[in-house]
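Q: The sequence and its predicted three-dimensional model are supplied below.
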Amino acid sequence: TLEELLKKYAENHKHQASFENLKEYCIENFKTHFGEKTKLSNIRYVDLEMYRNHLMQKLTRHKRLRADASVNRELATLRHIFSKAVEWDMMERNPFDKGKSLLLKLNNQRTRYLTEDEISKLLGECKTTKHLHHIVVCALNTGMRRGEILNLKWNQVRNGFIYLEKTKTKTRREIPVNDEFAQVLKEIRKEQGCYSRVNMTVNCRVILSVA
């Protein structure tokens, strides 16, 4: 049954960084839509196509249509689950392989960077909220992801670099601290009273904490 497959998949992939953020959510959707007691042999290509169309019409919590990339991520998760089912001898063939690709074609627009004028306006709008201003300055000067910024601790900043161990791609990164962000760090350290670099309580403190 689908229930048995999803349980086995969760047991084998719960260690993945994407499991909690994406796959756990997708699995619950699959249970609801297809039915936990559904036999795997009864899931056909047409059912997958109908599910894809269902996702395209499903509104987000903000009452908007889902982005194509969001639909593709859920379909890719389902396809991977069925691929593992074939490897585990729980299915003879992946139903995705019985027709053309169900993934939506994305509009791969070029990466666009903020102009100097846009940066000035953005920082100006954030001036009234110091905490937000610090976050934006960090993002502009380091290119770090939101989670990396909000979880950044003092012990990760040393010798003019930011050391990131836990990243989305699971590869270690070292980001140089330029003069602008170094000044912001100096201000934050003063605000937080972080004068001792060897104090473990300080070192383990989140730098851009709201508190």
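A: Ah, there it is.
Q: how many neighbours does His62 have?
A: Neighbours of His62 under the rule other Cβ atoms under 10 Å: 5. The way it works is simple: take the backbone N, C-alpha and C, and place the C-beta from them, glycine included.
Q: Tell me the secondary structure at it.
A: Assigned with DSSP: H, G, I helix; E, B strand; the rest coil, His62 falls in the coil class.
Q: any idea how far Leu22 is from it?
A: 18 Å (Cβ to Cβ, to the nearest Å).
Q: going on from the longest helix along the chain, what's the next piece of helix or strand?
A: The residue-count maximum for a helix in the chain (DSSP state H) belongs to helix 68-87. Once the chain leaves helix 68-87, the next helix or strand it forms, by DSSP states H and E, is helix 116-126.
Q: contact partners of that following helix?
A: Contact partners of helix 116-126, identified using Cβ atoms under 8 Å, 6 or more residues apart in numbering, comprise Leu114, Leu132, His133, Val136, Val137, Leu140.
Q: Weed out the non-buried ones from those residues.
A: Buried members of those, scored by 16 or more other Cβ atoms under 10 Å, are His133, Val136, Val137.
Q: Reformat those residues as JSON lines; add distance to Arg44, pLDDT and secondary structure.
A: Listed next are the buried ones among the contacts of helix 116-126 as JSON lines, based on distance: Cβ to Cβ, whole Å; pLDDT from 0 to 100; DSSP: H, G, I helix; E, B strand; the rest coil:
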{"residue": "His133", "distance to Arg44": "54", "pLDDT": "91", "secondary structure": "helix"}
{"residue": "Val136", "distance to Arg44": "49", "pLDDT": "93", "secondary structure": "helix"}
{"residue": "Val137", "distance to Arg44": "53", "pLDDT": "93", "secondary structure": "helix"}
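Q: Next, format these as TSV and append distance to Asn178.
A: As requested, the buried ones among the contacts of helix 116-126 are exported to TSV (distance: Cβ to Cβ, whole Å):
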residue	distance to Asn178
His133	16
Val136	15
Val137	10
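Q: Could you list the low-confidence segments of the protein?
A: Scanning the chain for pLDDT under 70 picks out 108-111, 168-169, 194-204, 209-211.
Q: Okay, buried residues for stretch 61-80 please.
A: In stretch 61-80, counting by 16+ other Cβ under 10 Å, buried: Arg66, Ser70, Val71, Asn72, Arg73, Glu74, Leu75, Thr77, Leu78, Arg79, His80.
Q: which residues touch the fifth one?
A: Applying Cβ under 8 Å, 6+ apart to Arg73 gives the contacts Leu22, Cys26.
Q: quick one: it and His80, what's the gap?
A: Distance of Arg73 to His80, given as Cβ to Cβ: 11 Å.
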